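Novice: Just a sequence and a predicted model for now, questions to come.
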Amino acid sequence: MAAKKPFALRLDEKMMKAVEKWASDEFRSTNGQMEWIVREALKKSGRLPKSDSH
């Protein structure tokens, strides 16, 4: 896997709390949950290279 590039993401408080709860329910960190959400959206839209779709 390629090196991860940090960046700031601003979410409103309600959205952040929902992501944190979802992450907890899935036994993931909040960051891990955000990565999963983005990866799934990229796969669904056909924008994720095949080698990255694990």
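Specialist: Looks like it came in fine.

Novice: Just give me the neighbour total for Q33.
Specialist: Q33: 19 surrounding residues under other CB atoms under 10 Å. Backbone N, C-alpha and C define where each C-beta goes, glycine included.

Novice: now R39
Specialist: R39, neighbours per other CB under 10 Å, totals 14.

Novice: What of D12?
Specialist: Neighbouring residues of D12 were enumerated by other CB under 10 Å; the total is 8.

Novice: and the lowest-mean-pLDDT helix or strand in the chain, how far from the chain's centre?
Specialist: Least confident element among the helices and strands of the chain, by mean pLDDT, DSSP states H and E: helix 30-44 (a mean of 96). Computed by CA atoms, centre = their mean, to the nearest Å, the chain-centroid distance of helix 30-44 equals 3 Å.

Novice: for it, packing partners?
Specialist: Applying 3 or more CB pairs under 8 Å, 6 or more residues apart in numbering; DSSP states H and E, one finds that helix 30-44 contacts helix 13-25.

Novice: Could you list every helix and strand that the helix it packs on packs against?
Specialist: Against helix 13-25 (3+ CB pairs under 8 Å, 6+ apart) you get helix 30-44.

Novice: Now the helix it packs on: buried residues?
Specialist: By 16 or more other CB atoms under 10 Å, the buried positions in helix 30-44 come out as Q33, M34.
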